[in-house]
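>>> Mind folding the following:
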Amino acid sequence: MTDKLVAETLSVDLWRSLRYFNLYRLVLASLFVFLAGTFGTMLSLGARNWQLFFSAGLLYALFVTLSFVAIHLRWPRFNWQLAVQVGGDIVGLSVLSYTSGGIQSGIGLLLLVSLAAAGMVSRGKIPLFFAAIASIAALLEHSYAVLYADGEVAQYVQVGLLSIAYFAVAWLAHTLAKYAVDSQRLAQIRGHDLASLSEANRLVMRDMQDGVLVVDELGMIMQMNPAAERLLRKSAISGSLLSSAFPMLFGQYALWKQTGSASRDTLQLGSGVQAKLRFVAIERDAAQGAVIFLEDMQRVQAEAQQIKLAALGRLTANIAHEVRNPLSSISYAAELLREDAADANQRRLLQIVLDNTQRINQIVQDVMQLNRRDRARPVVFKLDEMLHAFVAEFTLAERVEDGVMVLRGMPGVEICIDPGHFRQVLWNLCRNGLRHGKRMSGSLLLEVGVKDGRAALSVRDDGPGVSAEHQSKLFEPFFTTAADGTGLGLYIAKELCEANGAVLEYCRDGEHKGACFRMVFGELGDGHDR
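Residues are numbered from 1 along each chain as shown. Modelled structure (predicted):
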């Protein structure tokens with residue numbers, strides 16, 4: 001691909017050079033005709049035969065003009081056109097030189113320009129052939145002048161020197177052209193490689209999970225990837241100043257340039273987002289700019305948590321049955337003892353035992369759900385029909401009064417998700433909403449909408465909401481604000497959504513005082529059951 005690109009570029013350059021060379025020839029021919037027609041023999045042009053000089057000048061100008069047409073059509077091919085044009089120069093300038101007095105007129109020196117141009121344009125050894133033809137033409141022209149005109153034999157020395165100059169100029173032009181072509185080819189290959197590396201760098205930066213900013217020595221932002229825009233919650237165009245776009249980050253960058261280290265490794269970016277800072281100089285020092293890396297600490301913590309939970313899942317899968325069997329025995333024995341107990345204090349203590357065995361059993365069940373997220377069987381169904389059935393079931397099971405749960409939004413929306421997982425996630429969100437809400441009319445709102453072109457379901461309550469310090473920890477396992485909570489409900493709900501290609505997120509709505517959780521469903525694809 002690179003060789004083809006270089007060849008096409010060289011071809012365009014060759015025709016352009018030939019066009020400029022022909023323009024020079026047209027100016028030269030027009031100048032001869034103008035001077036001969038205006039001043040006659042006063043300038044020694046056509047001193048030997050003015051009529052022949054003027055006629056040859058006109059024919060030469062006409063020949064050059066027709067050459068423009070051939071160049072425009074690019075026919076015949078380039079080497080033939082160059083050979084014809086240089087040959088025309090040799091013939092035309094030799095005739096003009098003879099009619100102006102021969103070697104002493106100096107017109108023969110103009111062939112040096114044509115030979116040099118041919119050497120620069122042709123990129124081959126053909127200029128040496130042209131030099132040989134020009135030398136033969138000069139010798140023949142002077143020999144004809146000696147035999148039939150007033151030419152002097154002694155001037156053969158000047159003709160010989162001129163011929164040597166022809167070969168010298170042709171060889172020098174050929175050598176310089178060779179070096180120029182090699183340099184041009186190398187520059188084009190390096191340019192293509194540089195463009196490829198730049199594109200690869202752009203793709204790598206685009207797909208990096210860490211934020212990356214490239215800053216030059218003046219503190220101007222040269223590059224910024226999408227991850228940095230997401231972490232900093234702001235985009236900056238190339239060439240903008242880091243100090244004006246991100247003052248907090250610029251302060252750490254300026255301190256790093258002066259001391260070699262930032263005042264703190266972790267930067268608080270707002271909304272509970274933390275990023276680990278790392279500065280890397282582009283050159284050996286910071287004088288040429290730096291690359292700033294922003295590592296999302298939440299992602300790092302989430303990955304560490306995933307590793308921890310994977311190990312926990314494997315452990316619980318092995319011991320869950322061993323735990324539940326004795327737990328069932330304890331619960332059954334406590335039930336029997338409570339029925340036979342006559343003392344109220346004994347019954348109260350046994351009830352405490354039963355409550356805690358049920359709580360432990362619920363924890364075991366929740367932990368076991370972590371191993372079932374990959375068993376999703378998504379199907380396509382209408383969301384509003386599923387919600388009506390769910391509300392009826394939920395209000396009956398949780399003993400919710402009519403009117404507390406309200407459905408609102410777009411009818412006929414289809415989603416693709418495992419119905420069992422969807423029911424489990426929605427049950428958890430609605431139970432949390434009832435626990436923290438006021439249980440009044442409209443306290444729990446289920447609203448169907450669209451986000452970024454994808455179907456979404458929001459669950460809102462009218463409770464106190466979630467504090468800002470707890471929002472970033474909502475989906476962490478074992479995090480709970482309830483005394484009797486396990487801290488696994490929202491985490492499992494988020495995992496089940498991700499297993500079905502959906503997203504569960506907390507909505508930060510300043511106008512709504514209560515909590516709001518939103519499920520954004522994946523796009524409908526082919527091959528799903530209906």
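>>> got any ranges where the stretch 351-500 of the chain has weak pLDDT?
362-363, 366-375, 483-486 (pLDDT under 70).
>>> can you pull out the strands in it?
In the stretch 351-500 of the chain, the strands defined using DSSP state E, counting those that start in this stretch lie at 379-382, 405-409, 414-417, 444-451, 454-460.
>>> how about JSON lines for the ones you listed, with mean neighbour count and distance to residue 78 added?
C-beta: built from backbone N, CA, C; applies to glycine. Formatted as JSON lines, the strands of the stretch 351-500 of the chain follow (neighbours: other CB atoms under 10 Å; distance: least, CB to CB, whole Å):
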{"stretch": "strand 379-382", "mean neighbour count": "14", "distance to residue 78": "64"}
{"stretch": "strand 405-409", "mean neighbour count": "16", "distance to residue 78": "70"}
{"stretch": "strand 414-417", "mean neighbour count": "22", "distance to residue 78": "62"}
{"stretch": "strand 444-451", "mean neighbour count": "18", "distance to residue 78": "61"}
{"stretch": "strand 454-460", "mean neighbour count": "22", "distance to residue 78": "58"}
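>>> For the helix or strand containing residue 231, which residues meet the burial criterion?
In this structure, residue 231 sits in helix 226-232 according to DSSP states H and E. If you call a residue buried by 16 or more other CB atoms under 10 Å, then helix 226-232 has these buried ones: 227, 228, 231, 232.
>>> returning to that earlier point: between the strands of the stretch 351-500 of the chain, which gets nearest to residue 26?
Each of the strands of the stretch 351-500 of the chain was scored for nearness to residue 26 using CB to CB, and the closest is strand 454-460 (66.9 Å).
>>> Now do that closest one against strand 444-451: the angle between them, please.
With axes from the mean of the first three to the mean of the last three CA atoms, to 10 degrees defining the directions, strand 454-460 sits at 160 degrees from strand 444-451.
>>> low-scoring stretches of the stretch 151-300 of the chain, by residue?
262-264, 270-272, 285-287.
>>> quick one, helices of it?
Counting by DSSP state H, counting those that start in this stretch, the stretch 151-300 of the chain has helices at residues 156-207, 226-232, 242-245, 247-259, 297-340.
>>> picking up where we left off before, what packs against the helix holding residue 231?
strand 211-215, strand 290-296 (3 or more CB pairs under 8 Å, 6 or more residues apart in numbering; DSSP states H and E).
>>> buried sites along stretch 64-73?
For stretch 64-73, by 16+ other CB under 10 Å, it's 64, 67, 70, 71.
>>> How about stretch 342-353?
Buried, per 16+ other CB under 10 Å, within stretch 342-353: 350, 353.
>>> Centre of the chain to it, how far?
68 Å (CA atoms, centre = their mean, to the nearest Å).
>>> Name the surrounding residues that touch it.
Contact partners of stretch 342-353, identified using CB atoms under 8 Å, 6 or more residues apart in numbering, comprise 330, 334, 337, 338, 341.
>>> Now list the buried members of those.
Here, 16+ other CB under 10 Å leaves 330, 334, 338, 341 buried among the contacts of stretch 342-353.
>>> Can you give me the distance of the closest residue to residue 388 other than its chain neighbours to residue 387?
In this structure, residue 388 finds its nearest non-sequential neighbour in residue 407, 7.0 Å apart by CB to CB, 6 or more residues apart in numbering. The gap separating residue 407 from residue 387 is 6 Å, by CB to CB, to the nearest Å.
>>> same deal with residue 257?
Counting by CB to CB, the gap from residue 257 to residue 387 is 57 Å.
>>> now residue 22
80 Å.
>>> Residue 197 too?
Distance from residue 197 to residue 387, by CB to CB: 53 Å.
>>> Looking at those two, which one has more neighbours?
residue 387 (20 against 10; other CB atoms under 10 Å).
>>> re the thing from before, in TSV: the buried ones among the contacts of stretch 342-353, plus distance to residue 209.
TSV is the format used below for the buried ones among the contacts of stretch 342-353 (distance: CB to CB, whole Å):
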residue	distance to residue 209
330	46
334	50
338	55
341	59
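>>> and which of the buried residues of helix 226-232 is nearest to residue 444?
When these are compared against residue 444 (criterion: CB to CB), the nearest one is residue 231, at 34.1 Å.
>>> ok, and the closest non-adjacent residue to that closest one?
Using CB to CB, 6+ apart, the closest residue to residue 231 is residue 211 (4.6 Å).
>>> and the one you found, bridged to which residues?
residue 294 (DSSP bridges).
>>> Please list all residues in contact with it.
Residue 211 touches 225, 227-232, 275, 292-296, counting by CB under 8 Å, 6+ apart.
>>> re the thing from before, what's the distance between the residue nearest to residue 388 and residue 284?
For residue 407 relative to residue 284 (CB to CB), the value is 65 Å.
>>> cool, residue 498 as well?
From residue 498 over to residue 284 (counting by CB to CB), the distance is 44 Å.
>>> Compare those two (neighbour count), which wins?
Set side by side, residue 498 and residue 284 show more neighbours around residue 498, with 14 against 7, by other CB under 10 Å.
>>> Let me know the helix or strand that the closest residue to residue 166 other than its chain neighbours is in.
Leaving aside its sequence neighbours, residue 166 sits nearest to residue 131 (CB to CB, 6+ apart; 4.2 Å). Assigned by DSSP H and E, residue 131 belongs to helix 126-148.
>>> Next, the buried residues of that helix.
126-128, 130-131, 133-135, 137-138, 141-142, 145-146.
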